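*Asks:* Here is my input; please provide its structure:
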Amino acid sequence: MLPSRRKAAQLPWEDGRFNRAALINVGFLESSNSTDYIAMHDVDLLPLNEELDYGFPEAGPFHVASPELHPIYHYKTYVGGILLLSKQHYQLCNGMSNRFWGWGREDDEFYRRIKRAGLQLFRPSGITTGYKTFHHLHDPAWRKRDQKRIAAQKQEQFKVDREGGLNTVKYRVDARTALSVGGAPCTVLNIMLDCDKAATPWCTLG
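*Replies:* Below you'll find the predicted structure:
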């Protein structure tokens, strides 16, 4: 089950914003008991090297889109783009913070969760394609609403959320669609996320 960025565009209120971290939490909670790990995979980051390892990350979180390979983000604490975790390790981190509405910063906060949980982060080795390992399709002009940062959000975006995560995400499943992708079964969820304006007034811009 892969929470898709573009599914968030179907939020029924006009000023509703995207929340990648909360959708990943939902994907984890709604996933089948038969799955043993999750792939936090940006849909706009396409792998071009067949040597990239998407196998079970038994030793610890495995950052496929490492700073040495990602075409844009190169700082050493970056864990975004594509990150594989066992369900046990994701639960140990209490998932991701639900406070990040709009683009960015949720991955930086999740890096702190990984460290706080005492987990070792692993990255690819022996990949020689460098910054050409992925094709990045992200267009900053698309959904400009999610690029904005209001004053309160700017102050909060660098803080560590020690309480929220899997245990606090609130949502409703409006629809489930069964698909087959390359012969593999897939379930797409249409999710309504709860927007608590008292806690995160930046969840809408209306």
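*Asks:* ok, and what's touching the helix or strand hosting residue 84?
*Replies:* With elements taken from DSSP states H and E, the one containing residue 84 is strand 82-86. By Cβ atoms under 8 Å, 6 or more residues apart in numbering, the list of residues contacting strand 82-86 from outside reads 36-42, 45, 47, 54, 56-58, 61-65, 93, 107. Every C-beta, even on glycine, is put in place using the N, C-alpha and C of the backbone.
*Asks:* Just the buried ones out of these, please.
*Replies:* For the contacts of strand 82-86, a neighbour count by 16 or more other Cβ atoms under 10 Å gives the buried set as 37-42, 45, 47, 57, 61-65, 93, 107.
*Asks:* Take these and keep only those in helices.
*Replies:* Judged by DSSP state H, the subset of the buried ones among the contacts of strand 82-86 located in helices is residue 107.
*Asks:* roughly how far apart are residue 42 and residue 134?
*Replies:* 9 Å (Cβ to Cβ, to the nearest Å).
*Asks:* for this structure, what spans make up the helices?
*Replies:* 20-30, 87-92, 106-116, 151-156.
*Asks:* for the ones you listed, which one sits closest to residue 69?
*Replies:* Of all the helices of the chain, helix 106-116 sits nearest to residue 69, with 15.2 Å by Cβ to Cβ.
*Asks:* What lies in contact with the closest one?
*Replies:* Residues outside helix 106-116 that contact it (Cβ under 8 Å, 6+ apart) are 20-21, 61, 77-80, 83, 93-94, 96-97, 100, 121, 158, 160-161, 165.
*Asks:* So in this protein, where's the weakest helix or strand by average pLDDT?
*Replies:* Least confident element among the helices and strands of the chain, by mean pLDDT, DSSP states H and E: helix 151-156 (a mean of 60).
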